[in-house]
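Peer 1: Pasting a predicted model and its sequence here:
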Amino acid sequence: MSTPPLPAELAALISAVQPADAGAMAAARIRQAHLTKPLGALGDLEGVSVRLAGVFGSDRPHPRGVAVLVAAADHGVAAGPHSVSAYPPAVTPAMVANFLADTPAGPGGAAVNAIARSIGARVYVMDAGVNADLPPHPALVQAADLGAGGRRGTSDLRTGAAMSRDEAAALILAGAALARRAVQDGADLIVPGEMGIGNTTPAAALTARLLGQDAAAVTGRGTGIDDATLERKVAAVREALARGGSDPADPLGVLADLGGFEIAAMLGMMLQAAALGKAVILDGFVEGSAALLGVALAPALADFLFAAGECAEVGHAAQLAHLNLKPMFRLGLRLGEGTGGVLAAPMLLAAAATLREMRTFAEAGVPGGAE
């Protein structure tokens, strides 16, 4: 069976993702070897700094602004009596309101807002398909205003495709548009984030299909579900996979079959950030599922991805192994929202600063440098 062609605008976005600058990385390796420290003394930060050199095309990269782009959407698989989450779908719109709330500390009362404020990062919030009437807010971006259809949540992936190919492509492009806005506002580090009750279920289904894994191997407890709910969740993923509605050779088809609107939007954010030569910091499992799709569509995207931490979801390690990414920390996080990605941003900024601001042995007049 032939794969349907990609929409022209999406195909152009994918083709714009080019490999990182190999020359800049080679120069960065040489510079790292001559900085005033024992070789390897900065551990994994040295490799991160070299990769950042490739992203930004300089052996002295200088990334500045950090933006977390939180896409929110609902899921048909989470509706009804056969719940796959510890929380009802009504939490999704309530959390969107929390992201936008005025608090004494500043805009937003969620974890991602508090963590972002601590490092001066900007939070953007997108309604990618929330099943509620969200009141207008100047800080709320509607996917519908960016060309997406605006349906309120996906269909139940247990019984049919979560969305159409056209919907999937439109949400990817909406996410890309929001990423362009963040970059225009000064962001060099992009953190895709999400909110959507039940969204670790489509993330598990996507991961299982793309990696050829059994449902139980990549389906975790999400928001902290009990054993009975976990059994229903694994069964839901198995039912979705058993329909045979998509082929891993067709990543857009896999997204439409098994994904979520916020996952599609995050995929667009990643592709656009990479196309613009910006670094993408992955938070957790749901973001990882979008990254798997992204690398399947545009292999060079992998050059621009940086893993924050390995989260508590059982399938996250398999995602990172496939993407050949080493997590920067293991804090047992399982919140989402982009929180882990924001926590990792200062590490990337520090890694870049070592290349940019440290002196070499020769520059400092310190004996003992590498020959």
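Peer 2: Great, that's in hand. What you see is a predicted model; the values in this text were computed from it and never measured.
Peer 1: can you list the weak-confidence ranges in the chain?
Peer 2: Residue ranges of the chain with pLDDT under 70: 1, 370-371.
Peer 1: which residues in it form strands?
Peer 2: Per DSSP state E, the chain carries strands over the ranges 65-73, 102-103, 106-107, 122-129, 140-142, 187-195, 279-282, 305-307.
Peer 1: Of those, which is nearest Leu39?
Peer 2: Closest to Leu39 of the strands of the chain is strand 305-307 (C-beta to C-beta; 22.5 Å). C-beta coordinates here come from the backbone N, C-alpha and C atoms, glycine included.
Peer 1: May I see the buried residues of stretch 161-173?
Peer 2: Residues of stretch 161-173 classed as buried: Ala161, Ala162, Met163, Arg165, Glu167, Ala168, Ala169, Ala170, Leu171, Ile172, Leu173 (neighbour count, 16 or more other C-beta atoms under 10 Å).
Peer 1: Throw these into JSON lines and include distance to Pro5, thanks.
Peer 2: Formatted as JSON lines, the buried residues of stretch 161-173 follow (distance: C-beta to C-beta, whole Å):
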{"residue": "Ala161", "distance to Pro5": "18"}
{"residue": "Ala162", "distance to Pro5": "21"}
{"residue": "Met163", "distance to Pro5": "18"}
{"residue": "Arg165", "distance to Pro5": "10"}
{"residue": "Glu167", "distance to Pro5": "17"}
{"residue": "Ala168", "distance to Pro5": "14"}
{"residue": "Ala169", "distance to Pro5": "11"}
{"residue": "Ala170", "distance to Pro5": "16"}
{"residue": "Leu171", "distance to Pro5": "18"}
{"residue": "Ile172", "distance to Pro5": "15"}
{"residue": "Leu173", "distance to Pro5": "16"}
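Peer 1: so which of the residues you listed would you say is closest to Pro81?
Peer 2: Ala162 (19.5 Å).
Peer 1: Now do the contacts for the closest residue in space to the closest one that isn't next to it in sequence.
Peer 2: Nearest residue to Ala162, sequence neighbours excluded (C-beta to C-beta, 6 or more residues apart in numbering): Thr154, at 4.0 Å. Neighbour list for Thr154: Ala73, Asp74, His75, Gly76, Val77, Gly129, Ala162, Met163, Pro202, Gly259, Gly260, Phe261 [criterion: C-beta atoms under 8 Å, 6 or more residues apart in numbering].
Peer 1: how about 6 Å then?
Peer 2: His75, Gly76, Ala162, Met163, Gly260 (C-beta atoms under 6 Å, 6 or more residues apart in numbering).
Peer 1: so where do the helices sit in the stretch 251-371 of the chain?
Peer 2: Here the stretch 251-371 of the chain has its helices, by DSSP state H, counting those that start in this stretch, at 251-258, 261-275, 285-297, 316-323, 339-357, 361-364.
Peer 1: winner for burial among those helices?
Peer 2: helix 261-275 (a mean of 32; mean count of other C-beta atoms under 10 Å).
Peer 1: what's the closest of the strands of the chain to Ser85?
Peer 2: strand 187-195 (12.3 Å).
Peer 1: I'd like the C-alpha coordinates of that closest one written as PDB, please.
Peer 2: Output in PDB follows, covering the C-alpha atoms of strand 187-195 (Å, rounded to 0.1, in the frame of the first residue of the first chain):
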ATOM      1  CA  ALA A 187      13.700  32.200  22.300                       C
ATOM      2  CA  ASP A 188      16.700  30.100  21.400                       C
ATOM      3  CA  LEU A 189      15.800  27.100  23.500                       C
ATOM      4  CA  ILE A 190      12.300  25.700  22.900                       C
ATOM      5  CA  VAL A 191      10.600  23.500  25.400                       C
ATOM      6  CA  PRO A 192       7.400  21.800  24.100                       C
ATOM      7  CA  GLY A 193       5.000  21.000  26.900                       C
ATOM      8  CA  GLU A 194       1.500  19.500  27.100                       C
ATOM      9  CA  MET A 195      -1.600  19.200  29.200                       C
END
